[in-house]
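# Quick one, fold the following:
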Amino acid sequence: MTTIFIISAPSGSGKSTLVNVVRCTLPNLEFSISYTTREPRGAEKNGCEYFFITREQFEEMIRDDEFLERANVFGNYYGTAKRFLNKAAADGKDLLLDIDVQGAQQIKAKLPEAVSVFILPPNRAELERRLRERSQDSEEVIQKRLKAAGREIENYWKYDYILVNDRLEDSVDTLNAILLSERLRRNGRADASLSARADSCRLEQIRERIQPILRSFGDTAASGQ
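Residues are numbered from 1 along each chain as shown. This is a model prediction of the structure:
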């Protein structure tokens, strides 16, 4: 049976880097490349990071019911095509989705058995530093992304796992542990070491640890559920 893994995070949290590493290290994992109407950034290529299409093409796909989930983010459409799930199931692989909070909620509503992971930055100041270091956005866009991050982080409690991306190597190992332990569990097997590392990121285990991070984004984010 195909397991769907959902990875979400505020822009600038290092999610894409984590996902790219995991895609190269974990076998039998299909990755869904999202469709978007935004313009490519930097060295992004069509069919690699995203499928870049026009608004008219995206809306035609909506009319044809081709999306598993879709969202409007900063005025641009993003969506996951159903064909990726069909292909993963046909190939006997699991499916990894790199999607935002809106999309994650749509997937969980349709497929509650999906495993969800929320990536947190170490704090707001570090997220701002990473956004500025990318040198991709204007000051206005950076401020919009920071505000959006505060709103997205309010949804942390809706996810099965919370991973704090403070050191890349550790975060990669932890994300791998989460995906592998879930895969083993669903096949009636277990690995004590992997399970222990994964379970340390379960919401009920990490809630107290992440409170300072949430407070750095404001009282609303910290309150959560």
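# Identify, by residue count, the longest helix of this structure.
helix 168-186 (DSSP state H).
# How about residue 28, nearest residue that isn't a chain neighbour?
Counting by C-beta to C-beta, 6 or more residues apart in numbering, residue 28 lies nearest to residue 93, which is 4.7 Å off, once chain neighbours are set aside. Glycine gets a C-beta too; all of them are placed from N, C-alpha and C.
# Could you count how many residues lie near the one you found?
Neighbour count of residue 93, defined by other C-beta atoms under 10 Å: 16.
# now swap in residue 148 and tell me
16.
# who touches it in this structure?
10-11, 74 (C-beta atoms under 8 Å, 6 or more residues apart in numbering).
# Now stretch 6-25 - C-alpha only, PDB.
Extracted C-alpha coordinates of stretch 6-25, given in PDB (Å, rounded to 0.1, in the frame of the first residue of the first chain):
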ATOM      1  CA  ILE A   6       3.300  15.400   3.500                       C
ATOM      2  CA  ILE A   7       6.100  17.900   4.200                       C
ATOM      3  CA  SER A   8       5.100  21.500   5.000                       C
ATOM      4  CA  ALA A   9       7.100  24.500   6.300                       C
ATOM      5  CA  PRO A  10       7.200  28.300   6.100                       C
ATOM      6  CA  SER A  11       9.100  29.700   3.100                       C
ATOM      7  CA  GLY A  12      12.800  29.800   4.000                       C
ATOM      8  CA  SER A  13      12.800  27.000   6.600                       C
ATOM      9  CA  GLY A  14      15.000  24.800   4.500                       C
ATOM     10  CA  LYS A  15      12.200  22.400   3.500                       C
ATOM     11  CA  SER A  16      13.300  22.100  -0.200                       C
ATOM     12  CA  THR A  17      16.900  21.300   0.800                       C
ATOM     13  CA  LEU A  18      15.700  18.600   3.200                       C
ATOM     14  CA  VAL A  19      13.300  17.100   0.700                       C
ATOM     15  CA  ASN A  20      15.900  17.100  -2.100                       C
ATOM     16  CA  VAL A  21      18.400  15.200   0.100                       C
ATOM     17  CA  VAL A  22      15.800  12.600   1.300                       C
ATOM     18  CA  ARG A  23      14.700  12.000  -2.300                       C
ATOM     19  CA  CYS A  24      18.300  11.000  -3.100                       C
ATOM     20  CA  THR A  25      18.800   8.700  -0.100                       C
END
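# What residues of it count as buried?
6-15, 18-19, 21-22 (16 or more other C-beta atoms under 10 Å).
# Find me the pLDDT at residue 92, would you?
As predicted, residue 92 sits at a pLDDT of 94.
# Helices of this protein, residue ranges please.
15-25, 55-63, 82-91, 101-110, 124-134, 139-153, 168-186, 192-199, 203-206, 211-216, 219-223.
# Between the ones you listed, which one is closest to residue 160.
Checking the helices of the chain against residue 160 by C-beta to C-beta gives helix 203-206 as the closest, at 6.9 Å.
# For that closest one, buried residues please.
203, 206.
# Kindly report the same for stretch 51-61.
52-53, 58, 61.
# Identify, from these, the entry nearest to residue 123.
Nearest to residue 123 among the buried residues of stretch 51-61, with distances taken as C-beta to C-beta, is residue 52, at 32.6 Å.
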